[in-house]
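S.K.: below are the sequence and a predicted model; questions follow.
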Amino acid sequence: MSGAAMEVRQRHGVGWFETPEADMPPRRRRRSLSAPDSTTARQHITRLTNNDLVEEFSDGCTAKAAECFRLVDRRAFFPSAAHIHARAENVRLDLAEELYRDGPFRIPGMPFHHSAPSLYAKAMDALDLDADRPLSFLCIGSGTGYFCCAMAHRLGDRCRLIHGVEIEPELVEFSREAIQRHIAGLVPSQTAYFRRPDIFEGNAFAIDPRRNIQYDRIYIAGGCPAFTLKLFRDLLRPDGVLVGPFGDEFLRLSREAGSAGRPRTHSGEESKGADVAAPIWHTEVLSRVCFRQLVGGPQPFFEPWGDATAPGGGGGGGGGGGG
């Protein structure tokens, strides 16, 4: 076990993290009801692993995406069973079994949750990460840091920076330590190109596009009212791509290279400065989805930023210059 992992476990008592899988004793499996004899009935089958999880969805994504999720063990980005039971005595979960299956996972009564890894892989491919220049990445609703770490591996030496914004203080603390634990387990050839994600506590809906830096790629990890796409798209640089759930649609929004445009204020007015051409947006619906709502956002019926035309209408021309 790495020194960093040991330090984290000692600091938290019951520990955020569980004993690494390699240190666990083998677990007996249930007997097969169709076993022809007692010898077969007592056979053990291999416990599910992170590789089993990736194999389950690897046919639906690129080989590059699949390899990133092989490097980032999903189990390491959830707290230990002891920590969960100390917080919620009535919760009894077989974490290793549930987390190594391709599906969303949430711990009842706690803020820890993941989307299905196959959806993360789909988002990773849709973000178009094979650009010939260094890229910056923002994850809104960064949660446990799982997807941020996968993105750090995917971007490699072409990563300018990775920022995560998370509103839950417990998740901010946990994700920082989980990321550190992940880094401690990497071999030197992997750490040489791994850009450590920086996680910030805050409400992403309160970001001011006029004052904040812009990013090349953005992923929204929670459901948002459709009209809030106007807020987040102003955080995109020219030639940028945003992927996330808005309304009941999993969207890919791209901004044309060379389309400048100036972000507008929340009242809909353009911020001060020279007149520039409006940015050009292109929207694609990747699938229909039902996401857990991103915490901290406005109610769907409240439209504080003027024109609330649903994203995707009309394809991608115009867009009113953001705002």
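M.R.: Perfect, I can see it now.

S.K.: which residue ranges of this protein form strands?
M.R.: Here the chain has its strands, by DSSP state E, at 105-106, 113-114, 135-140, 159-166, 198-201, 215-220, 236-246, 249-255, 281-288.

S.K.: mind listing the strands the first one pairs with, and their directions?
M.R.: According to DSSP bridges, strand 105-106 has the following sheet partners: strand 113-114 (antiparallel).

S.K.: before we move on, what about the fourth one?
M.R.: Partners of strand 159-166 in the sheet, by DSSP bridges, are strand 135-140 (parallel), strand 198-201 (parallel).

S.K.: any chance of those strands in TSV with mean pLDDT, mean neighbour count and distance to residue 253 as columns?
M.R.: (Each C-beta comes from the backbone N, C-alpha and C, glycine too.) Shown next, in TSV, are the strands paired with strand 159-166 (pLDDT from 0 to 100; neighbours: other Cβ atoms under 10 Å; distance: least, Cβ to Cβ, whole Å):
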stretch	mean pLDDT	mean neighbour count	distance to residue 253
strand 135-140	97	24	13
strand 198-201	97	16	23
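
S.K.: of those, which is nearest residue 218?
M.R.: strand 135-140 (4.7 Å; Cβ to Cβ).

S.K.: who touches the closest one?
M.R.: 129, 147-148, 151, 155, 158-165, 197, 204, 213, 215-222, 232, 235, 237, 244, 294 (Cβ atoms under 8 Å, 6 or more residues apart in numbering).

S.K.: quick revisit: can you put the strands paired with strand 159-166 in a markdown table and add distance to residue 57?
M.R.: Formatted as a markdown table, the strands paired with strand 159-166 follow (distance: least, Cβ to Cβ, whole Å):
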| stretch | distance to residue 57 |
| --- | --- |
| strand 135-140 | 20 |
| strand 198-201 | 26 |
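
S.K.: to residue 286, which of those strands lies closest?
M.R.: strand 135-140 (17.0 Å).

S.K.: now do that closest one against strand 215-220, angle only.
M.R.: Here strand 135-140 points in a direction 30 degrees away from that of strand 215-220 (axes from the mean of the first three to the mean of the last three Cα atoms, to 10 degrees).

S.K.: out of the strands paired with strand 159-166, flag the one nearest residue 124.
M.R.: Once these are compared by Cβ to Cβ, strand 135-140 is nearest, at 10.4 Å.

S.K.: just the CA atoms of that closest one, as PDB, please.
M.R.: Extracted C-alpha coordinates of strand 135-140, given in PDB (Å, rounded to 0.1, in the frame of the first residue of the first chain):
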ATOM      1  CA  LEU A 135      -6.600  21.600 -24.300                       C
ATOM      2  CA  SER A 136      -8.100  22.900 -21.100                       C
ATOM      3  CA  PHE A 137     -11.000  21.000 -19.500                       C
ATOM      4  CA  LEU A 138     -13.800  21.900 -17.100                       C
ATOM      5  CA  CYS A 139     -16.000  19.400 -15.300                       C
ATOM      6  CA  ILE A 140     -19.100  20.900 -13.800                       C
END
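
S.K.: what angle do it and strand 236-246 make?
M.R.: 30 degrees.

S.K.: narrow the contacts of strand 135-140 to those that are buried.
M.R.: For the contacts of strand 135-140, a neighbour count by 16 or more other Cβ atoms under 10 Å gives the buried set as 129, 147-148, 151, 155, 159, 161-165, 197, 204, 215-222, 232, 235, 237, 244, 294.

S.K.: could you list the low-pLDDT ranges of this protein?
M.R.: By pLDDT under 70, the low-scoring segments of the chain are 1-46, 88-94, 96, 259-277, 297-323.

S.K.: let's go with 50 and repeat that
M.R.: Applying pLDDT under 50 to the chain flags the ranges 1-15, 18-45, 264-275, 300-323.

S.K.: grab the longest helix from it for me.
M.R.: helix 169-184 (DSSP state H).

S.K.: helices or strands up against that one?
M.R.: Counting contacts by 3 or more Cβ pairs under 8 Å, 6 or more residues apart in numbering; DSSP states H and E, helix 169-184 is packed against helix 3-11, helix 146-155, strand 159-166, strand 198-201.

S.K.: give the buried residues for it.
M.R.: 171-172, 174-184.

S.K.: then it to PDB, C-alphas only?
M.R.: Output of helix 169-184 as PDB, limited to C-alpha atoms (Å, rounded to 0.1, in the frame of the first residue of the first chain):
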ATOM      1  CA  PRO A 169     -18.000  20.200   0.500                       C
ATOM      2  CA  GLU A 170     -17.700  16.500   1.400                       C
ATOM      3  CA  LEU A 171     -17.200  15.600  -2.200                       C
ATOM      4  CA  VAL A 172     -14.600  18.300  -2.700                       C
ATOM      5  CA  GLU A 173     -12.500  16.900   0.200                       C
ATOM      6  CA  PHE A 174     -13.000  13.300  -0.800                       C
ATOM      7  CA  SER A 175     -12.200  13.900  -4.500                       C
ATOM      8  CA  ARG A 176      -9.000  15.700  -3.700                       C
ATOM      9  CA  GLU A 177      -7.800  12.800  -1.600                       C
ATOM     10  CA  ALA A 178      -9.100  10.200  -4.100                       C
ATOM     11  CA  ILE A 179      -7.100  12.000  -6.900                       C
ATOM     12  CA  GLN A 180      -4.000  12.000  -4.700                       C
ATOM     13  CA  ARG A 181      -4.400   8.300  -4.000                       C
ATOM     14  CA  HIS A 182      -4.800   7.600  -7.700                       C
ATOM     15  CA  ILE A 183      -1.600   9.500  -8.500                       C
ATOM     16  CA  ALA A 184       0.300   7.700  -5.700                       C
END
